[in-house]
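J.: could you look at this predicted model? Sequence included:
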Amino acid sequence: MIYFTGDTHREQDVAKINPDDKFPKGKELTSDDYLIVMGDFGFVYDGGKGDKFWLDWLESLPWTTCFIDGNHENFDLLNQYPQEQWHGGQIHRIRSNIVHLMRGEIFDIDHVRCFCFGGAPSHDAQYRVSNVNWWQEELPTMEQMKHAMHTLDKVGWKVDMVLTHEVFESHELATKYTTNMDNYGPEYFDCKLFLDEIEKKLDYKVWLHGHYHTDQVYQSPSNKPCISLFNRVITLEEIEKIKGE
């Protein structure tokens with residue numbers, strides 16, 4: 001079974017996936033189960049004792065943890081992890097049962113085809129220090145966007161789920177934060193505009209995202225459910241119920 005949730009920010013919001021805290025059903029999960037975090041994973045951040053403690057803890061749990069990247073990740077560290085093919089797409093292997101689902105990849109997880117595209121702009125970038133607690137790589141490059149389009153071409157632009165950190169431009173939450181592109185190099189692009197193109201063209205059933213620290217349901221312009229996740233940890237069965245909220 002697959003479980004989905006929003007941003008964990010390492011110890012800040014990890015209680016929602018802690019079997020000894022807010023996720024008691026986690027005690028019943030096995031290696032055949034998956035938990036996917038919608039960005040701002042945060043467990044690969046300081047490269048020191050903090051990361052090691054929390055990655056050790058997460059690796060000790062029975063399920064496989066997957067995450068897309070958000071804007072609060074250390075991309076210098078993340079990109080040092082080895083890449084491999086996993087369930088049809090490219091990942092960074094963080095630990096034996098912890099994987100980073102790379103941008104523009106499609107994964108077949110428990111018979112569910114998921115298109116993944118991490119990244120989002122930090123609205124507080126001007127108050128952060130480059131390559132210390134903020135990285136330009138939080139936004140996509142043209143190469144990453146072209147790769148995503150090519151990947152979707154190969155499956156005829158049809159998937160079951162879209163998993164992102166940011167939302168598409170036409171989403172009601174898209175105006176909550178402003179993006180100052182002056183903080184980024186010329187090779188980086190606002191992913192909201194790119195995701196809007198994806199939403200208009202892609203045949204999908206449901207879109208899940210994080211970033212906005214809320215739990216809500218929005219109907220896209222193509223009349224598809226887009227579910228914002230933060231505190232909730234949900235399954236595919238629960239998604240069917242949430243669609244009607």
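T.: Received it, and whenever you're ready, just let me know what you need.
J.: mind listing the helices for the chain?
T.: Ranges of helices within the chain are 49-59, 75-78, 142-154, 191-201, 236-242, based on DSSP state H.
J.: now the ones you listed as TSV including distance to Lys25 and mean pLDDT?
T.: Glycine gets a C-beta too; all of them are placed from N, C-alpha and C. Shown next, in TSV, are these (distance: least, Cβ to Cβ, whole Å; pLDDT from 0 to 100):
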stretch	distance to Lys25	mean pLDDT
helix 49-59	17	98
helix 75-78	29	98
helix 142-154	33	98
helix 191-201	31	96
helix 236-242	11	84
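J.: among those, which is the most enclosed?
T.: Most buried of the helices of the chain by mean neighbour count (mean count of other Cβ atoms under 10 Å) is helix 191-201; its value is a mean of 19.
J.: neighbouring contacts of that one?
T.: 115, 117, 119-121, 139-140, 145, 148, 152, 157, 162, 164, 166-170, 174, 179, 207, 220-222, 224 (Cβ atoms under 8 Å, 6 or more residues apart in numbering).
J.: what does stretch 141-159 give?
T.: With Cβ under 8 Å, 6+ apart, stretch 141-159 has contacts from 89, 103-106, 113-115, 117, 187-189, 194, 198, 201-204.
J.: any of those residues buried? List them.
T.: Using 16 or more other Cβ atoms under 10 Å as the burial test, these include 89, 103-106, 113-115, 117, 188-189, 194, 198, 202, 204 as buried.
J.: quick one: which two of the residues you listed are the most distant?
T.: Largest separation among the buried ones among the contacts of stretch 141-159 by Cβ to Cβ: Arg113 and Tyr188, giving 28.0 Å.
J.: other SSEs contacting the worst-scoring helix or strand of the chain on mean pLDDT?
T.: One helix or strand of the chain scores below all others by mean pLDDT, DSSP states H and E: helix 236-242, with a mean of 84. Counting contacts by 3 or more Cβ pairs under 8 Å, 6 or more residues apart in numbering; DSSP states H and E, helix 236-242 packs against strand 225-228.
J.: ok, Ala148 to Tyr177 distance?
T.: Ala148 is 22 Å from Tyr177, where distance means Cβ to Cβ, to the nearest Å.
J.: could you report the neighbour count for the closest residue to Gly185 other than its chain neighbours?
T.: Spatial nearest neighbour of Gly185, excluding adjacent residues (Cβ to Cβ, 6 or more residues apart in numbering): Gln136 at 5.9 Å. Residues lying near Gln136 (other Cβ atoms under 10 Å) number 16.
J.: could you list the low-pLDDT ranges of the chain?
T.: Along the chain, segments meeting pLDDT under 70 span 243-245.
J.: any idea how far Leu193 is from Pro221?
T.: For Pro221, the distance to Leu193 - Cβ to Cβ - is 14 Å.
J.: likewise for Ser122?
T.: Ser122 is 17 Å from Leu193, by Cβ to Cβ.
J.: picking that back up, for the residue nearest to Gly185, give me its contacts.
T.: Ser130, Asn183, Tyr184, Gly185, Tyr188.
J.: now do Gly118
T.: So Gly118 contacts Gly39, Ile68, Asp69, Gly70, Leu101, Met102, Arg103, Thr164, His165 (Cβ under 8 Å, 6+ apart).
J.: do Glu59 as well
T.: Arg95, Ser96, Asn97, Ile98 are the contacts of Glu59 under Cβ under 8 Å, 6+ apart.
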